[in-house]
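**Student:** sharing a sequence plus its predicted fold:
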Amino acid sequence: MDWVNGTLIGNGVKTSSKTLEQMRSLFLDQKAVSQPSGDVEIYRVQSYTPVDDGTEGGLFWGSTI
């Protein structure tokens, strides 16, 4: 974990993100979201899952930016 910028670093870290274009239909004010470019990142999720899902006692890390 990089505590300065809130990101996970290292082997095994997975990242997923969503852009405005992928989420436009979720906003009530369609006029407001029609202006910015669709490639604007809305959010990013990083996760570190060192063991398989369902492993008893497994500890997972995650960060949403």
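**Tutor:** Nice, I can see it.

**Student:** how would you label Ile42: helix, strand or coil?
**Tutor:** strand (DSSP: H, G, I helix; E, B strand; the rest coil).

**Student:** go through stretch 8-28 and flag the buried ones.
**Tutor:** 8, 20 (16 or more other Cβ atoms under 10 Å). (C-beta placed from N, C-alpha, C; glycine too.)

**Student:** just the residues contacting that stretch, thanks.
**Tutor:** By Cβ atoms under 8 Å, 6 or more residues apart in numbering, the surrounding residues in contact with stretch 8-28 are 1-2, 30, 33-34, 36-50, 61-63.

**Student:** so for that stretch, what's the average pLDDT?
**Tutor:** Throughout stretch 8-28, pLDDT has a mean value of 92.

**Student:** what's the local residue count around Gln46?
**Tutor:** 19 (other Cβ atoms under 10 Å).

**Student:** what about it, distance to Ser34?
**Tutor:** 29 Å (Cβ to Cβ, to the nearest Å).

**Student:** torsion angles phi and psi at Pro58?
**Tutor:** Quick fix: residue 58 reads Gly, not Pro. Main-chain torsions, Gly58, degrees, to the nearest 10: phi -60, psi 140.

**Student:** alright, calling it a day.
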